[in-house]
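K.L.:
Just to be clear, the model below is a prediction. Sequence and coordinates:
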Amino acid sequence: MTHALRPGTGSPRLLVFIHGGYWRSLDKSYFSWLAASWVAANVSVAFLNYRLCPAVRIGDIVDDVVAGTNWLFANSRQHGFGTERVVVSGHSAGGHLTGALFAAPRERLLFDPERIVGGVPISGLFDFEPLPMFSGNADFHLDEWQVKRLNLYDREPTVRAPLVVAVGADESSEFRRQSQIIADAWKPQVKEHLVMPHLNHFSVVDAFAERSNALYESTLALF
């Protein structure tokens with residue numbers, strides 16, 4: 001597990017981004033371009049890596065994200081970025097992992113959870129019931145017990161910060177359903193549920209880095 005940091009000079013604000021790739025591909029380095037607009041707004045950015053399926057299970061990846069977030073809080077001072085106000089975000093599988101961090105048992109979070117001031121799951125997956133039927137389960141090895149463990153829509157968040165739930169309007173009906181189900185389930189802390197016009201599963205990531213875009217501005221407002 002590794003981390004990439006782009007410090008905003010003297011900023012107490014940190015944006016954590018968790019990449020997608022269906023839990024089995026990609027790397028933080030593919031998304032380093034996202035940092036520029038955030039650093040320009042004096043927000044430091046950290047990109048988390050994690051192990052990939054099929055070498056590990058999705059539950060192990062959740063453990064990696066919890067451990068990586070603990071590391072960021074423990075090591076912020078020596079790396080020159082602040083963690084007074086932290087927003088956790090992620091796309092696709094990273095959207096699920098963002099939610100999984102918010103639902104992690106309190107004893108596993110080795111920091112004050114009130115320092116997380118927002119979460120932005122983008123095109124995430126929160127209902128695992130359909131996944132064992134997909135060909136990808138050859139890598140995930142999901143069974144009934146793991147599906148129940150990984151589902152988020154029926155769990156109570158541990159981190160109580162407000163959420164911006166986002167999905168592209170041109171994404172599949174299943175991705176739109178997945179965002180809707182978590183927006184409904186965690187409604188008390190969902191500040192906005194953005195269904196972004198003319199954006200698909202990939203172009204919605206571009207919107208996250210575009211200043212003046214609704215997704216960018218809503219995320220910035222969480223700080």
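P.N.:
Arrived safely.
K.L.:
Provide a list of residues in contact with the closest residue to residue 192 other than its chain neighbours.
P.N.:
Distance criterion C-beta to C-beta, 6 or more residues apart in numbering; nearest residue to residue 192, sequence neighbours excluded, is residue 164 at 4.8 Å. Yep, even glycine has a C-beta here, placed from its N, CA and C like the rest. Residues near residue 164 by C-beta atoms under 8 Å, 6 or more residues apart in numbering: 118, 119, 120, 190, 191, 192, 194, 215, 218, 219, 222.
K.L.:
Mind giving me the ChimeraX select for those residues, buried ones only?
P.N.:
Per 16 or more other C-beta atoms under 10 Å, the buried members of the contacts of residue 164 correspond to this ChimeraX selection:
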select :118,119,120,190,192,194,215,218,219,222
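K.L.:
Restricted to strands, list the contacts of residue 164.
P.N.:
Judged by DSSP state E, these include 118, 119, 120, 190, 191, 192, 194 as members of strands.
K.L.:
could you measure the third one against residue 142, distance?
P.N.:
In this structure, residue 120 and residue 142 are 26 Å apart, going by C-beta to C-beta, to the nearest Å.
K.L.:
How about the last one?
P.N.:
Taking C-beta to C-beta as the measure, residue 194 falls 29 Å from residue 142.
K.L.:
Could you list the residues in contact with stretch 122-130?
P.N.:
Residues outside stretch 122-130 that contact it (C-beta under 8 Å, 6+ apart) are 20, 89-96, 98-99, 131, 142, 146-147, 150-153, 165-168, 171, 174-175, 177-179, 181-182, 185, 201, 204-205, 208, 215.
K.L.:
Okay, and which of these map to strands?
P.N.:
Secondary structure defined by DSSP E assigns 89, 90, 91, 165, 166, 167, 168 of the contacts of stretch 122-130 to strands.
K.L.:
if we take the residues you listed, which one ends up nearest to residue 56?
P.N.:
residue 90 (17.5 Å; C-beta to C-beta).
K.L.:
Would you enumerate the residues in contact with the nearest residue to residue 214 once chain neighbours are set aside?
P.N.:
Among residues not flanking residue 214 along the chain, residue 194 sits closest, at 6.1 Å (C-beta to C-beta, 6+ apart). Going by C-beta under 8 Å, 6+ apart, residue 194 touches 164, 165, 166, 167, 214, 215, 218.
K.L.:
Settle this for me: residue 62 is touching residue 98, isn't it.
P.N.:
No - using C-beta atoms under 8 Å, residue 62 is not in contact with residue 98, being 10.8 Å away.
K.L.:
more neighbours, the two?
P.N.:
More crowded of residue 62 and residue 98, by other C-beta atoms under 10 Å: residue 98, with 28 against 22.
K.L.:
I'd like to know which elements the helix ranked longest in the chain is packed against.
P.N.:
Taking DSSP state H as the criterion, the chain has its longest helix at helix 58-79. Counting contacts by 3 or more C-beta pairs under 8 Å, 6 or more residues apart in numbering; DSSP states H and E, helix 58-79 packs against strand 3-6, strand 13-18, strand 44-48, strand 85-91, helix 93-102, helix 144-150.
K.L.:
any chance of those in a markdown table, with distance to residue 32 and mean pLDDT too?
P.N.:
A markdown table is the format used below for the helices and strands packed on helix 58-79 (distance: least, C-beta to C-beta, whole Å; pLDDT from 0 to 100):
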| stretch | distance to residue 32 | mean pLDDT |
| --- | --- | --- |
| strand 3-6 | 6 | 57 |
| strand 13-18 | 10 | 97 |
| strand 44-48 | 7 | 96 |
| strand 85-91 | 14 | 98 |
| helix 93-102 | 14 | 98 |
| helix 144-150 | 28 | 96 |
